[in-house]
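Enquirer: Quick one, fold the following:
(one chain, ligands or ions: 1)
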Amino acid sequence: MKNGTLYGVGVGPGDPELMTIKAIKILSSVNIIAYPAPEEGASFAREIVSSNLKKDYTEIPIRMPLNANNFPIDEIYEQATYQITTYLEQGIDVAILCEGDSFFYGSFLYLYQRLAEKFEVVVIPGVSSPMACAAALGQPLAARNDALIILPATLPEESLIERMNLADSVVIIKVGRHISKAIAALEKSGLAKNAHYVERATTSNQRIFDIFKAPSPAAYFSIIIAHRRGSAWR
Ligand SMILES: C[S@@+](CC[C@H](N)C(=O)[O-])C[C@H]1O[C@@H](n2cnc3c(N)ncnc32)[C@H](O)[C@@H]1O
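Expert: From the prediction side, this is the model:
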């Protein structure tokens, strides 16, 4: 029997209208959807697709803490891999939902790593959070010869500064409880003057602040955007 196909479906940053036509098509053809979810409560990726779920699905919520220190949680991914493998080996297709883009820092990568050698995998790209946050802010990310760098705020402050010093434009993801360190690094690399905080971009809970007015700790779904010239068009 032919194995099923695994789809890594990027579902965009929050607004369901930012899902691709291809993502919607895949979701209307598969019967099994898996998605990352917090230990308790709703999954953001599952919420994004909810208005496009037209029939009953077998759902595999992959519950884990959102605390970056605990990543990767091997047993949780092993268990999800086992469940997904069982379907794929019966010839049943499975879609894994990934908030934003599937190949950009998503938990999908931990499953891709475990399943890609054995099964056919099709990756559907999605609108990623840096693009969504720049659009929400109304500020281009990079222009002309700008070097754009994307940094996880979980890095040590010295690494942040060292890499920021090489960049014209900076996007900081995974801000959360690392916001004070991220702001200190921006100040030390001369990027704090025009830096903004964007939370839950494209959702009805979207909020935007100058970084010095941003909440601390920051939301898990938040990004800082800064440009050395103030704006990419200058
Ligand atoms: C594990 S990464 C996943 C990124 C995702 N795959 C993407 O393409 O955007 C999670 C981080 O993405 C950022 N993020 C994702 N969605 C966001 C949104 N709607 N608004 C602001 N930041 C977001 C936050 O920095 C969050 O900590």
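Enquirer: In the chain, what residue spans correspond to strands?
Expert: In the chain, the strands defined using DSSP state E lie at 6-10, 32-37, 58-63, 94-98, 121-124, 148-152, 169-173, 195-199, 207-210, 222-227.
Enquirer: Same list (those strands) but as a markdown table, adding mean neighbour count.
Expert: Backbone N, C-alpha and C define where each C-beta goes, glycine included. Converted to a markdown table, these look like this (neighbours: other Cβ atoms under 10 Å):
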| stretch | mean neighbour count |
| --- | --- |
| strand 6-10 | 26 |
| strand 32-37 | 23 |
| strand 58-63 | 16 |
| strand 94-98 | 27 |
| strand 121-124 | 18 |
| strand 148-152 | 17 |
| strand 169-173 | 25 |
| strand 195-199 | 23 |
| strand 207-210 | 15 |
| strand 222-227 | 25 |
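Enquirer: Can you convert those into a markdown table and add a column each for distance to Ala136 and mean pLDDT?
Expert: A markdown table is the format used below for the strands of the chain (distance: least, Cβ to Cβ, whole Å; pLDDT from 0 to 100):
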| stretch | distance to Ala136 | mean pLDDT |
| --- | --- | --- |
| strand 6-10 | 18 | 98 |
| strand 32-37 | 23 | 96 |
| strand 58-63 | 28 | 95 |
| strand 94-98 | 20 | 98 |
| strand 121-124 | 23 | 98 |
| strand 148-152 | 17 | 98 |
| strand 169-173 | 13 | 98 |
| strand 195-199 | 5 | 98 |
| strand 207-210 | 6 | 98 |
| strand 222-227 | 9 | 98 |
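Enquirer: Make TSV from those strands and add distance to Tyr82 to it.
Expert: Compiled in TSV, the strands of the chain are given as follows (distance: least, Cβ to Cβ, whole Å):
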stretch	distance to Tyr82
strand 6-10	14
strand 32-37	12
strand 58-63	10
strand 94-98	12
strand 121-124	17
strand 148-152	29
strand 169-173	30
strand 195-199	35
strand 207-210	39
strand 222-227	33
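Enquirer: For the residue of the chain found nearest the ligand, give me the pLDDT.
Expert: Residue nearest to the ligand within the chain (Cβ to the nearest ligand atom): Gly100, separated by 2.1 Å. We have a pLDDT of 98 for Gly100.
Enquirer: Low-confidence stretches in this structure?
Expert: 54, 66-72 (pLDDT under 70).
Enquirer: Could you list the contact residues of it toward the ligand?
Expert: 13-14, 98-101, 104-106, 128-129, 132-133, 173-175, 198, 200-202, 220-223 (Cβ under 6 Å from any ligand atom).
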